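Participant: Could you look at this predicted model? Sequence included:
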Amino acid sequence: MKKNRILRGALALVVLFAVVIACRKQEDAKVNQSNSEIVTISKEDDMNAYLKQFKEKMQSATKNNETLLVEDARWHLEALLNYTYGDAGRQTSDIQCDTFYYKMPINGGEITLAQLNEAFVALSQNVQYIYADCNLPDKSILAIQTMFENNSKDSSVTVRTILSMRGLTTFSMWFDSTDYWGQTYYDLGDGFIVASGKCGAYQGECPESGAPLELTKKLNLRIPKYACLQRSGYFTDEHTITVSIYSPDIDDWDFLNDDNSPCRYKLYYQTEDPHFPRGANPSGCICPEDMNYYLSKGPEIINHYQPDDKVIISAYYQSSSIVGIGKTDNCFHELVLSYGVFHCNDNGGGLDD
């Protein structure tokens, strides 16, 4: 009888042990299934879910973890910064761009998730500092672009990051009778600005502005808003080109020609060369009618260079010149166009004032 009790007890323990093993296998299966779901979520299916899960994975990474190829790491770093801080899709007139740098090691053409997370933390501090220091009304972060510049001497890359802040300071869509603007405006960063201000009868007014800045404000008002039903939006896969008659980014020069232009081109061009009489503007003062002409060509230029799979993020004019021995002094405007893929953010995004 005693032996039977011992036997029954042993069988009960075996059954209990089998049940525990089965439960553990079920739990392990759930974990494996969960991990499998995380791996199988792709950015093509759900960009928000993909970036959220990748960010969690990156932030929990240790020093000995998986790696990414350099270009893949660059894409993820840029996308995560925009996903975390971007608040786009709002009407914009003013664009403020700031550039900052971070040096990151690479290992045989690869970057670990831990190294990527360290870069993300460092760059995030710069983003938050610049945001707090920005004085634009109705400000938000429009886009963040990262570029990896290789330094082969010490097996590292320098991450050059361009932060574009947006704001809204005007609703005026066209230039009026008082808008005589000098042709130059240079923002050298750190508060250093070279600007020609208003000109002609209005010489001396608005000394910290110029034709490129004023054109930028009104052209960005024409960029459509991308509605997200009270959610923030962000961009990925950013692409920037610079358009001008001297730009290496373009090869269809004929597009910029226009017989109706005050200067022969759809972008402002001034020269003292007698062979280009329509480009002659010795005073460098652009009248309201000509300002409106160049403004009207902005959307046309944006549409012409827009990639099929992207939308316009921002556009800003800048002045440049070519001088030197054997060259005639001139001034010309460049139009810097940024395009990207727009996403509505289901998980927040943006920075509060």
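Facilitator: Cool, got the structure. Numbers count the residues shown, from 1 in each chain.
Participant: wait, isn't Val157 in contact with Asn107?
Facilitator: No - counting by Cβ atoms under 8 Å, Val157 stays clear of Asn107, with 11.2 Å between them. Any C-beta I mention is one placed from the backbone N, CA and C, and that applies to glycine too.
Participant: ok, the two, which is more surrounded?
Facilitator: Taking neighbours as other Cβ atoms under 10 Å, Val157 and Asn107 compare with Val157 leading, 21 against 10.
Participant: show me what contacts that one?
Facilitator: Contacts for Val157 (Cβ atoms under 8 Å, 6 or more residues apart in numbering) come out as 70, 103-104, 106, 148-151.
Participant: Ramachandran angles for it?
Facilitator: Here is the backbone geometry of Val157 (degrees, to the nearest 10): phi -130, psi 150.
Participant: Once you drop chain neighbours, what's closest to it?
Facilitator: Nearest residue to Val157, sequence neighbours excluded (Cβ to Cβ, 6 or more residues apart in numbering): Phe148, at 4.4 Å.
Participant: Look up which residues are beta-bridged to that neighbour.
Facilitator: Val159 (DSSP bridges).
Participant: who's in contact with it?
Facilitator: By Cβ under 8 Å, 6+ apart, the residues touching Phe148 are 70-71, 73-74, 157-160.
Participant: From those residues, pick the one nearest Leu351.
Facilitator: Nearest to Leu351 out of these is Val159 (Cβ to Cβ; 20.3 Å).
Participant: got a list of what the closest one touches?
Facilitator: When contacts are counted by Cβ under 8 Å, 6+ apart, Val159 touches 74, 77, 101-104, 119, 123, 146-149.
Participant: can you rerun that using 10 Å?
Facilitator: Residues counted as contacts of Val159 (Cβ atoms under 10 Å, 6 or more residues apart in numbering) are 73-74, 77-78, 100-104, 119, 122-123, 146-149.
Participant: Return a PyMOL selection command for the buried portion of those.
Facilitator: Command for PyMOL that selects the buried part of the contacts of Val159, burial taken from 16 or more other Cβ atoms under 10 Å:
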select buried, resi 73+74+77+78+100+102+104+119+123+146+148
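Participant: re the thing from before, which members of the contacts of Val157 define the maximum pairwise distance?
Facilitator: Val70 and Lys103 (13.9 Å).
Participant: what's the closest non-adjacent residue to Ser177?
Facilitator: Distance criterion Cβ to Cβ, 6+ apart; nearest residue to Ser177, sequence neighbours excluded, is Pro288 at 5.9 Å.
Participant: next one: Pro299
Facilitator: Nearest-residue entry for Pro299: Arg222, 5.5 Å, with adjacent residues in sequence omitted and distances by Cβ to Cβ, 6+ apart.
Participant: I'd say the one you found and Ser314 touch.
Facilitator: No - at 11.6 Å, Arg222 does not count as touching Ser314 under the criterion of Cβ atoms under 10 Å.
Participant: Neighbour count: the two, which is higher?
Facilitator: Neighbours around Arg222 and Ser314, counted as other Cβ under 10 Å, are more numerous at Ser314. The numbers are 23 against 14.
Participant: residues contacting the more buried one?
Facilitator: For Ser314, the contacting residues are 88, 92, 95, 97, 142-143, 164, 166, 216, 219-220, 223, 235, 240, 336-340, by Cβ under 10 Å, 6+ apart.
Participant: ok, 7 Å please
Facilitator: Ser314 makes contact with 95, 142-143, 164, 220, 338 under the criterion Cβ atoms under 7 Å, 6 or more residues apart in numbering.
Participant: what's the answer for Leu113, then?
Facilitator: Leu113 neighbours (Cβ under 7 Å, 6+ apart): 57-58, 61, 65-66.
Participant: Among those residues, show me the least confident.
Facilitator: The lowest pLDDT within those belongs to Asn65, with 78.
Participant: Please enumerate the strands of the stretch 51-200 of the chain.
Facilitator: Using DSSP state E, counting those that start in this stretch, the strands assigned to the stretch 51-200 of the chain run over residues 67-69, 94-105, 110-112, 140-151, 156-167, 181-182, 185-189, 192-195.
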